[in-house]
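Asks: With the input below, show me the fold.
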Amino acid sequence: MFFRDRSEAGQRLGAQLTEFASRDVLVLALPRGGVPVGFEVARSLNAPMDVLVVRKLGAPGQEQFAMGAIAFGGVRFLNWDVIRALGVSQQQIDFIVAKEERELRRREQEYRGNRKQMEVHGRTVILVDDGLATGSTMLAAIAALRHEKPRQIVVAVPVAPPSTCAEIEKEADRVVCLYTPLEFLSVGQWYLNFSQTSDQEVRELLDRAAERMQRPVA
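Replies: Numbers count the residues shown, from 1 in each chain. Below you'll find the model as predicted:
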C-alpha cells in the first residue's frame, strides 16, 4: 500500500474514523507532517483541529534516530534501551533536550500565535501523525495529554510497524492504523510524495480548519 501524499492518507484515515463524527471530538495533529493528515481527518469528521507540538530527541550524530521525545508541560520520554546501546551520556541528553525545548517553544508560538490551545478535558482526542517509526513522539504526546484528562485518546496514523502499534496500544485507549507492514524502514517509504511540510503550510491549514468551524451550519 502506498499513499499518494499526506492529504490522501488523511482522507483514507478519516474514512475509518466515521464512528467519531457525532461525538465531542478534537483532532490534534503532530506537526509538521501530521498536520495535512489531521486536516483531512478533521474535515471528514467535521471536528475542530489543533496542533500538539512534540519534539523528537535525535541521537547524537544520528538525528533521524529517536532516543526519546518531549512535549508541552515538561513531559519527557526517554528510550533507555536506545540510549544505553548508543552510549549517549547524560550531558549529551541534557544538551539535546535544551535545544529541542527551545524549538518546541518557537513552534508553539509560530503555529498558534495568539490562538489559545483548545480544551481537552472530557473530550475524545484523536492524535494524528503521518506515520510512526519508533513511536517516541507519539508516546510523549499521549503522556502530555493524560495530564489534561481527556475522556479518550485515540491514536490514528496511516502506517506503522506492528511492534510500534503494540507499544502505542499499551498507552492509548485505541489505535487505528491503516497499514502495518512487517518490513518497515521509514515512514517516507510508504508515500509517493513525502516532501517536507513547511511552517507556512501548517499555519495555513490551522487557519483553514478554524475558519471551517466558524461557518454557520446550513
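
Asks: hey, let's count contacts and neighbours off CA atoms from now on
Replies: Fine.

Asks: Centre of the chain to stretch 115-122, how far?
Replies: Taking CA atoms, centre = their mean, to the nearest Å, the mean C-alpha location of stretch 115-122 is offset from the chain mean by 16 Å.

Asks: Now do the end-to-end distance for it.
Replies: This stretch, stretch 115-122, spans 21 Å end to end (CA to CA, to the nearest Å).

Asks: Ok, stretch 189-205 next?
Replies: Using CA to CA, the end-to-end distance of stretch 189-205 comes out at 24 Å.

Asks: Just the mean pLDDT for that stretch, thanks.
Replies: For stretch 189-205, the mean pLDDT works out to 95.

Asks: Pull the residues that contact it.
Replies: Contact partners of stretch 189-205, identified using CA atoms under 8 Å, 6 or more residues apart in numbering, comprise 1-6, 31-33, 35-36, 39, 110-112, 159, 188.

Asks: list the buried ones in it?
Replies: Within stretch 189-205, the residues that count as buried by 16 or more other CA atoms under 10 Å are W190, Y191, F194, E201, V202, R203, L205.

Asks: Those in helices, which ones?
Replies: Of the positions in the buried residues of stretch 189-205, E201, V202, R203, L205 sit in helices, assigned by DSSP state H.

Asks: Find the residue at the geometric middle of this protein.
Replies: The chain has L30 as the residue nearest its centroid, 2.9 Å off, counting by CA atoms, centre = their mean.

Asks: That one is in contact with V128, isn't it?
Replies: Yes: at 6.2 Å, L30 and V128 qualify as touching, with contact defined as CA atoms under 8 Å.

Asks: Could you identify the longest helix within the chain?
Replies: Per DSSP H, the chain has its longest helix at helix 90-112.

Asks: Export that one to CSV, keeping only CA atoms.
Replies: Output in CSV follows, covering the C-alpha atoms of helix 90-112 (Å, rounded to 0.1, in the frame of the first residue of the first chain):
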residue,chain,number,x,y,z
GLN,A,90,23.7,12.4,30.4
GLN,A,91,25.5,15.6,29.3
GLN,A,92,24.5,14.9,25.7
ILE,A,93,20.9,14.2,26.7
ASP,A,94,20.7,17.5,28.6
PHE,A,95,22.1,19.4,25.6
ILE,A,96,19.7,17.9,23.1
VAL,A,97,16.7,18.3,25.4
ALA,A,98,17.6,22.0,26.0
LYS,A,99,17.9,22.6,22.2
GLU,A,100,14.6,20.9,21.4
GLU,A,101,12.8,22.7,24.2
ARG,A,102,13.7,26.0,22.6
GLU,A,103,12.4,24.7,19.2
LEU,A,104,9.2,23.4,20.9
ARG,A,105,8.5,26.9,22.3
ARG,A,106,9.3,28.5,18.9
ARG,A,107,6.9,26.3,17.1
GLU,A,108,4.1,26.7,19.7
GLN,A,109,4.3,30.5,19.0
GLU,A,110,4.8,30.1,15.3
TYR,A,111,1.8,27.8,14.7
ARG,A,112,-0.7,29.1,17.3
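
Asks: elements contacting it?
Replies: For helix 90-112, the packing partners by 3 or more CA pairs under 8 Å, 6 or more residues apart in numbering; DSSP states H and E come out as strand 54-59, strand 62-71, helix 199-214.
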